[in-house]
Structure formats: structure tokens, C-alpha cells
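Asks: model the structure of this input:
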Amino acid sequence: MRVLASIPILAAVASAQGSAWSQCGGMGWAGPTSCVSGYVCTKLNDYYSQCVPGTTTYVPGCSPAPLWKRDPQGRPIVQPRATCPGLTTSTSSSSAAPVTTTLRTSTVPTSIGTTYDNSPGVPSATAVPSNPNPTVLEPGWYWIRAVAAPNFHKYLQGGSSSATSSNQTALLESHTTAGQFSIIDGQLVFNTKPSQLYLNVENPADKTQRKLKTWFSTTKNAYGTFKFQGDTLTWTVADIKRPNEAAWLVCTGQEVFINTGAYLYQTPAGCADQTIHYYSGSTADL
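Replies: Modelled structure (predicted):
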């Protein structure tokens, strides 16, 4: 009777499995919660679990404990352990040490889809926002923030002291200067009164590059689509197959980039892997 009772459960799990490096759990997550063969669904934080290399022998009623933590430099390291007798877990450490890559030094493009290099008149990556937006959350809008180190409770915002600036670097910075956002028709909209700005994404000639620049503009984004998966902010586009649609990078100067590669794998030098999530508290408190 025990064997028969377990068959429907196993069939349901096998029917929807996450691909390598994809999200497989977290608060509000409604997608697959198991992984393809050779990968283990591993909790990184309360909001995000990911399919990482490894194998697990499951015992009914038990589940694997979190396998990842970060060293003092913020790099992921593997911590295999079990939560109940009879459960054994092993993971590959091949992705633990980030691979150094060359950073592209550039500024915000003046038009979507063009090659850019130090264009005049664009905001500095280190500009300090003056918080032109309301400090209390307005109906229909959300704060967007990171929920894990090294940018725990840093909030999405524009890197310009002027709310009407047509180009603002996207930053993850202090809650005291947090912006308010919503997704409307696939656009990530920044509530900057009296007008609104849109998060734009670089359309590169090289579709294999790991970092895509993002910036706020009065022009709507023409490359890719934003949506919330649970409370997680994702971005998809037809001509780039991302292993993880929720993968972002926060790099030098707190600039926000879309990560076209796998989360926690070959992280570009000077950057940290992040997922970012909406938050509907009345104020952007720590």
C-alpha cells in the first residue's frame, strides 16, 4: 500500500522539472520544484532556490537542506548536509569559484540597439539619487529590492538627481532613495512624477555577452519583456536563451545589469549575482 500511494506523487514531480541552473523554489514560486537529472534543487535564500549540479537520494518525508553559503568575499561555496537519517546529497563544486572575465567599460547608450562608448550627457554610474519619488508606497506600485548578500535590502532606483532626466543609470542602492515601480504591458515602469520612465535593456550585437546594460528612459523598452514570477522580477527575449530568467548582476558603482548566463556561475569580475523582488510594504524600510 505504501508503494502504490507514492506513485502519483513521483509522477507529478517528474512531470515538471527545472532545467540546469533554473529557479526551482522560493516564496511565491509557482514553477517546477524539482530538477532534471544531475541537478539538485538547492535553497539559496527564502525567496530563491536553484537547480545546481549534484545528485540527491530522497527519503519520503525528508528534503535536502540548503547547500550554499557565501565566504567573507561573497563567493558561493558548497555546504552538503542532510536533514534526516538516510538522506545523502552530493553536489559539484565546479561552479563555486567565479571565473574572471573582462568588464566592458561603457555608459548608457543614446539609442536602443546601437553600439555605444562614453556618450556625452549620460548619467554617471556613481550619481547619488535625490529621491524624487514618494517616500510612502502609492497604490498600484511596488518597491523592488534584493533579499540576499551582498546587496541585502538594497533598492532599485535611478542614478540621477533629476526625475525628468531622459537617461538614468539603473542602480541598486539605499532604501532612503528607493524608487516605485510597476509592470505594465511588459514594461518595467518607474513612477517619476509627473512623467514615467521605463527600464531599457541593451540590445547587443554579441548575443553571448554576459552583461546587458540597463537604464531608465522616457522611451519605452524595445528589447525583451519584464514580468513578475511570484515576487521575482524576470526578463525574457526571443533571441537570447537565458538559463535563468531571474538572474541579475550588480556591478561596480551598484549598476544593475541583466545576467544572460547561469546564476552563481562564471560571475563577471566586479559583479555579484542577485535576484530582485517586489516588496509592498508602505515604506522602504530595512
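
Asks: buried residues of stretch 252-268, list them for me.
Replies: Across stretch 252-268, burial judged by 16 or more other CB atoms under 10 Å covers 254-265, 267-268. In this view, the C-beta of every residue, glycine as well, is placed from N, C-alpha and C.

Asks: show me the contacts for D239.
Replies: D239 sits next to K207 when contact means CB atoms under 8 Å, 6 or more residues apart in numbering.

Asks: now Y279
Replies: Shown in contact with Y279 (CB under 8 Å, 6+ apart): 142-145, 231.

Asks: for S282, same thing?
Replies: Counting by CB under 8 Å, 6+ apart, S282 makes contact with 136-137.

Asks: host element of it?
Replies: Of the helices and strands defined by DSSP states H and E, none includes S282.

Asks: circling back to that earlier point, select from the contacts of Y279 every entry located in strands.
Replies: 143-145 (DSSP state E).

Asks: of those residues, which is the nearest to N167?
Replies: Comparing the ones in strands among the contacts of Y279 against N167 with CB to CB places I144 closest, at 19.4 Å.

Asks: touching, that closest one and T275? I think so.
Replies: No. With contacts counted by CB atoms under 8 Å, I144 stays clear of T275, the gap being 10.8 Å.

Asks: could you check the pLDDT of T56?
Replies: Here the pLDDT value assigned to T56 is 58.

Asks: identify the residues contacting the closest residue to W29 other than its chain neighbours.
Replies: Nearest residue to W29, sequence neighbours excluded (CB to CB, 6 or more residues apart in numbering): G230, at 4.7 Å. Applying CB under 8 Å, 6+ apart to G230 gives the contacts 26-30.

Asks: span of stretch 172-189 from start to end?
Replies: 16 Å (CA to CA, to the nearest Å).

Asks: in that stretch, which residues are buried?
Replies: 172-175, 177-183, 187-189.

Asks: you'd agree Q180 is up against T135?
Replies: No. Look at Q180 against T135 with CB under 8 Å: they stay out of range, at 9.6 Å.

Asks: ok so, going back, could I get the buried residues of stretch 252-268 as CSV with secondary structure?
Replies: Output for the buried residues of stretch 252-268, formatted as CSV (DSSP: H, G, I helix; E, B strand; the rest coil):
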residue, secondary structure
Q254, helix
E255, strand
V256, strand
F257, strand
I258, strand
N259, strand
T260, coil
G261, coil
A262, coil
Y263, coil
L264, coil
Y265, coil
T267, coil
P268, coil
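
Asks: out of these, which is nearest to Y223?
Replies: Closest approach to Y223 among those (CB to CB): I258, at 9.9 Å.

Asks: quick check: the gap between the closest one and G281.
Replies: Using CB to CB, to the nearest Å, we find I258 at a distance of 26 Å from G281.

Asks: same question for V201.
Replies: Counting by CB to CB, the gap from V201 to G281 is 27 Å.

Asks: returning to what we had before: can you tell me which of the contacts of Y279 is nearest K211?
Replies: Among those, and counting by CB to CB, the member closest to K211 is I144, at 19.1 Å.
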